[in-house]
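Asks: Sharing a model that was predicted from the sequence below.
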Amino acid sequence: MVEKMALGELSGIPPLFPFQEKYITREELLKKEIYPPIPLWFRGNKGGDRMIWGKVLVEKLKELKVQEVLVRKFSSDEITVSEAMILWTGLEHPNEEWNSYRMKDFDLLPTPLQQLVAEMKLDLKTALRVRNLPLEIIEILNPFLETLSYSQRRIFLRLFFEVFQRDLLDTREGIALAIQLVHSSKPLEELYQIRYPELHRLEQTYHATVDPVLKGTGIQVSPPPYFEGARFKVEFYFGKSDQLKKKAQILQKLSETIDPVIEQLTHDTV
Amino acid sequence: MTQYKVPKRIYVTPEAKTLPAVQHALRILGHPPYQMVENPMEIPKEHQNQDTLFVTSYRGQTVHKCPGSRGHLCCNYLTIDLYLGCTLGCTYCIMKSYLNFSPLTVYADPSPSIQRIRSLASQYPDKAIRIGSGETGDSLLLDPIFQLSRQLIEGVSDLPNVYLELKTKTTHVDHLLDIPMKGNALIAFSLNAREIQEQEEGSSASIEERIAAALRAAEAGYNLAFHFDPIVRFPGWQESYLYTIYRLKEVPSDRIRWISLGTLRFTGALRDRMEDRPYLFEEFVPCRDGKYRYLQPIRIQMYRWFLKELSALTNAPIYLCMESVDVWKGVYGGLPMKMDSFRDIFKNIPCKAQS
């Protein structure tokens, strides 16, 4: 997840690799935070955070009196040294070439996306990824996009573009989808369902089994995230033994029907 | 037929210049001009790409443990780096993402690796040591030029507990066929659906060519291994993979030592750097190691299918690469360490960094 970190704090973090990158974005872009978040690698008790790249960028931001910097933290469980190297080498370009490359990318964007980037409502990377969406579609989505948070906006655009590509939609079909979504009561949820139909089906199966038994009982049973794994979590509160007995009875009832559903959700599909 | 691209330029470090492998390579390549550099940092930025060949002797640790993946079962494979980088151009390749800005590197002196393997073999005489050179590059892509695998095979051929695996997507086996003492060396082939090979695996050999190369290797006395990795889900995937499995029937089944299965996986950071290929529009979810995989029930379903089809073909162990405990249980009903056929494969070989 991209987050902000005080520049002072970031300055004290040592680099992971002994060599130094030369990448610096142009000053006016830096002021608008148009640069990839600086990746940090958290090595746990092996030595805390290390900066994968961005030391030179941090120095430049200091000169510009920037107070906070966008960073993305990776844990050593999430990323290996080789993968950290990937992040580093991917950005290791000679200074001028890289800057002009980024500016050329910015120039490639259609005006509505350029505007979102310039207003810091969208990151350049997402804008570049979805730039081939027909302009008419972006214009239909734009008022709705304004109502979303920064991260929701990124997710929505990415999902929409993935569906557009996956389903080989033409402009007319894309417009129809855009109109359907902006008139939906829950556009983001609906888009998720379209993009991830199998995951949505698993969720529906789960709720169809669990919700009727647990509705109004104060017991919450959570499946493993994305149905990855096979551990379900039960949560409830009680204050007296008879309350606990009641909850146990409800769970007993659930236990009698849940095995085939667990099997289906975590081990097999229809 | 060769699948390698002739490098546009070559850089060599001084100590590597006189190595037999380097002399051999320069001869095969027709004595091209090359430049001497002390280290890769001296290679100009504009040459830091896979069109450049950088040849050096080995520096640093010679044998590594396969890094594994948090929350997923690892088969305790050991790796050695001979070739770093690959020009085959598979669209799903992790290496492609980070080595695009690095020269193709050859560590042209395998003798320290051989010494290290010999030391591990005598340290753990009762354990099967599975070790391969295909982790950071294709084991055989550049091997006809440098012949490093020959040195490796010959260097460990007398060790009964060492299984040296040379993993490839090429047909480059002919230069290895006449080695008299092969020991337990295996030639391993990555296999995929024909459509995936044609559309996503760049200049790799076709499935038919790989099977033909496997047959030549088997006829010359090598054992074989096959890796269905990454298994990709797409409309008609079963029929398409069945074709490959059908072709695999041409290989003598008693020569197959193991088969591994692994569905497509990638980190979020890498996804951002991959092209938008059709296979990425499937449903991927984050797993405990931070990598994205197909939904667990779908993976289990796919693995069960492969297991059923491949079990009809061979009695060799068919194991999962980088999969979770729950997937193992869903596919096999148990964990590999508790199953006779997998115990040797999944036995841990302690392999600490050398001082």
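Replies: All right, it came through fine.

Asks: All the strands of the stretch 251-355 of chain B, in order from the start?
Replies: B:256-263, B:266-267, B:284-286, B:291-294, B:318-320 (DSSP state E, counting those that start in this stretch).

Asks: Could you dump those strands into TSV and include mean pLDDT, mean neighbour count and distance to chain A?
Replies: For glycine as for every other residue, the C-beta is placed from the backbone atoms N, C-alpha and C. What follows is those, written out as TSV (pLDDT from 0 to 100; neighbours: other C-beta atoms under 10 Å in any protein chain shown; distance: least, C-beta to the nearest C-beta, whole Å):
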stretch	mean pLDDT	mean neighbour count	distance to chain A
strand B:256-263	96	22	13
strand B:266-267	86	21	6
strand B:284-286	94	18	4
strand B:291-294	93	22	8
strand B:318-320	94	24	14
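
Asks: can you redo these as CSV with distance to residue A:132?
Replies: Converted to CSV, the strands of the stretch 251-355 of chain B look like this (distance: least, C-beta to C-beta, whole Å):
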stretch, distance to residue A:132
strand B:256-263, 29
strand B:266-267, 22
strand B:284-286, 21
strand B:291-294, 23
strand B:318-320, 37
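
Asks: so which of those strands gets nearest residue B:24?
Replies: Of all the strands of the stretch 251-355 of chain B, the one in closest proximity to residue B:24, counting by C-beta to C-beta, is strand B:256-263 (29.2 Å).

Asks: Look at residue B:53 and tell me its secondary structure.
Replies: For residue B:53, the reduced secondary structure class is strand; criterion used: DSSP: H, G, I helix; E, B strand; the rest coil.

Asks: Give me the spatial nearest neighbour of it, chain neighbours excluded.
Replies: The shortest distance from residue B:53 to any non-neighbouring residue, by C-beta to C-beta, 6 or more residues apart in numbering or on different chains, is to residue B:7 (3.8 Å).

Asks: next one: residue B:233
Replies: Using C-beta to C-beta, 6+ apart and skipping residues adjacent in sequence, the residue nearest residue B:233 is residue B:282, 5.4 Å away.

Asks: Quick check: the gap between that neighbour and residue A:158.
Replies: As judged by C-beta to C-beta, to the nearest Å, residue B:282 and residue A:158 stand 15 Å apart.

Asks: Quick one: neighbours of residue 36, just the number.
Replies: Chain wasn't specified; assuming chain A. Per other C-beta atoms under 10 Å in any protein chain shown, the neighbour tally for residue A:36 reads 21.

Asks: actually chain B
Replies: The tally of other residues near residue B:36 (other C-beta under 10 Å) stands at 11.

Asks: And it, how far from chain A?
Replies: Separation of residue B:36 from chain A (C-beta to the nearest C-beta, to the nearest Å): 21 Å.

Asks: which residues does that residue bridge with?
Replies: Beta-bridge partners of residue B:36, counted by DSSP bridges, are residue B:12.

Asks: which residues sit in contact with it?
Replies: When contacts are counted by C-beta atoms under 8 Å, 6 or more residues apart in numbering or on different chains, residue B:36 is found next to B:11-14, B:17.

Asks: Any chance of TSV for those residues, columns pLDDT and neighbour count?
Replies: Listed next are the contacts of residue B:36 as TSV, based on pLDDT from 0 to 100; neighbours: other C-beta atoms under 10 Å in any protein chain shown:
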residue	pLDDT	neighbour count
B:11	95	23
B:12	96	22
B:13	95	19
B:14	94	11
B:17	94	15
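
Asks: would JSON lines of the residues you listed with distance to residue B:37 be doable?
Replies: What follows is those, written out as JSON lines (distance: C-beta to C-beta, whole Å):
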{"residue": "B:11", "distance to residue B:37": "5"}
{"residue": "B:12", "distance to residue B:37": "7"}
{"residue": "B:13", "distance to residue B:37": "6"}
{"residue": "B:14", "distance to residue B:37": "9"}
{"residue": "B:17", "distance to residue B:37": "11"}
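
Asks: Just give me the closest of the residues you listed to residue B:104.
Replies: Among the contacts of residue B:36, residue B:11 lies closest to residue B:104 (C-beta to C-beta), at 10.5 Å.

Asks: Go ahead and confirm the closest one touches residue B:41.
Replies: No: taking C-beta atoms under 8 Å as the contact criterion, residue B:11 and residue B:41 are not neighbours in contact, 11.0 Å apart.

Asks: What strand or helix carries residue B:87?
Replies: Element membership for residue B:87 (DSSP states H and E) is empty, with no helix or strand holding it.

Asks: Show me the contact partners of the helix or strand encompassing residue A:177.
Replies: Mapping residue A:177 onto the secondary structure by DSSP H and E places it in helix A:171-182. For helix A:171-182, contacts defined as C-beta under 8 Å, 6+ apart pick out A:133-134, A:136-137, A:140-141, A:143-144, A:160, A:163-164, A:167, A:169, A:187, A:190-191, A:194.

Asks: now stretch B:15-26
Replies: Here stretch B:15-26 has contacts from B:12, B:32, B:34, B:36, B:55-57, B:106, B:108-110, B:145-148, B:151, using C-beta under 8 Å, 6+ apart.

Asks: 10 Å instead?
Replies: For stretch B:15-26, the surrounding residues in contact (C-beta atoms under 10 Å, 6 or more residues apart in numbering or on different chains) are B:10, B:12-13, B:32, B:34, B:36, B:38, B:53-59, B:82, B:106-111, B:142-148, B:150-151.
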